[in-house]
Each structure stands twice: as C-alpha cells, then as structure tokens.
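Peer 1: turn this into a model:
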Amino acid sequence: AEDPRAHLAAWMTAPDNPFFAKALVNRYWKHFLGRGLIEPEDDLRVTNPPSNPALLDNLSQAFVASGYDLKQLIRTITLSKTYMLDSQPRSANIGDERSYSRFYPKRMQAEVLLDSVDLITGSESRFAGMPAGVRAVALPDTAFESYFLQVFGQPTASTVCECERNQDANLAQSLHLLNSEEMQTKLAGDTGRAAKLAADTVP
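Peer 2: This next block holds a predicted model:
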C-alpha cells in the first residue's frame, strides 16, 4: 500500500500551498526575534493578520524558492538589521511591541538555560539512556526526567501547541538556583569558567 504520509508531505510543501511556509517562517521568526509576525504563532487565520504582511510573504516565498532550506532561512533572519537591533528602548519606541523597532528581550528556554549553566560551571548534565555529553537542547523528546527542565518550563509535549511551554518566572526557579543540590554540585566544580573567574586575582 502506498504510504499516505508521502501525499501529506507533497501537499504541505507544494508551491501553491501558502500555509506551511508561512507557519514555519513565523515560528522561526518568533524563535529568534521573541515575537512572531503572527501572534499567537499557532493562530494563522484570516481574522488574525500578520503585523507585517509583506515581510511574511517575502520570507515565505524565499523559503519555498530555496527548497525549504532551513539553514538559509536562519541565515536570512539572523543577518537582518532587525535581528541586530539594540534591545534598549528609546523614547520613540519604548511602547513598541509589534513593529520590531528594537530587539525584544526574551527569557532563555529551559534547555538552553541548563546548557548555559553547564558551560559556565564546567559540569555535565546526564540524561538516562543518552550517551555522555548530550546537551539538553539535543534531547529527542521531553521524556527525560530533569527537575531543572521541568521547573523552568519545559513542556510535557501532551499537545502540539507551542503555548504549552511556560516561560513565566516563579519562586521555585529562584529556590532551585539558590538552594538545590544540583546547582551546588555544579558550582562546586573547579574546571568551569565561574571557578576560574573566582580564582583570578587580577583586578
């Protein structure tokens, strides 16, 4: 029997199907810029237009023309002047929340934060069933038990909606960073950048 997934993939990536390219471009734009051209990013309907329709159209068309090359899409976004803007608001754009006249600061996702902590402390988080050295951002799914990832908002993946990820700050996060055995163990290491900076006597 013919695999129906092949027909689905062909329909999704057909040049005359505008939805797939726009949805993916919008998600990548939000990942790097902190806010999607369409918000919420999963709400692509006619009555919820993008903040910049021409930009979304041009990025989507270029994405299709490239053969859905994600590396090229990432390169286009990260080399743009918009991505390189300062995040410090000025009097003229302090109220701007959708026109990208400045960079919108965003919280690190749980996986990125854990990898950053490991990098600065010279430690290594281990995940059951995965080889040593695997970073949190490279985990294939969310089935790996980690209180750090859980408390900092990693989604349970019970739905396909990106809204399942919780980026809000809470008391449990502060307590974990200050008092947890996991953080104390990481900070106690003497091979990380933090330890080297602490031992540096040069003013």
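Peer 1: stretch 84-98: which residues count as buried?
Peer 2: The neighbour-count check on stretch 84-98 (16 or more other CB atoms under 10 Å) flags nothing as buried. The way it works is simple: take the backbone N, C-alpha and C, and place the C-beta from them, glycine included.
Peer 1: how long is it end to end?
Peer 2: Counting by CA to CA, to the nearest Å, you get 16 Å between the two ends of stretch 84-98.
Peer 1: same deal with stretch 126-139?
Peer 2: Its start and end residues considered, stretch 126-139 measures 11 Å (CA to CA).
Peer 1: average pLDDT across that stretch?
Peer 2: Averaged across stretch 126-139, pLDDT comes to 89.
Peer 1: please apply the same query to stretch 57-69.
Peer 2: On average, stretch 57-69 scores 93.
Peer 1: on the C-terminal side of the strand or helix carrying Leu149, identify the next helix or strand.
Peer 2: Remark: Leu149 resides in helix 147-151, with elements defined by DSSP states H and E. Elements were assigned by DSSP H and E; along the chain past helix 147-151, the next helix or strand is helix 171-179.
Peer 1: so which bits of that following helix are buried?
Peer 2: Using 16+ other CB under 10 Å as the burial criterion, the residues of helix 171-179 that qualify are 173, 176-177.
Peer 1: residues contacting Arg165?
Peer 2: Applying CB atoms under 8 Å, 6 or more residues apart in numbering to Arg165 gives the contacts 109, 153-155.
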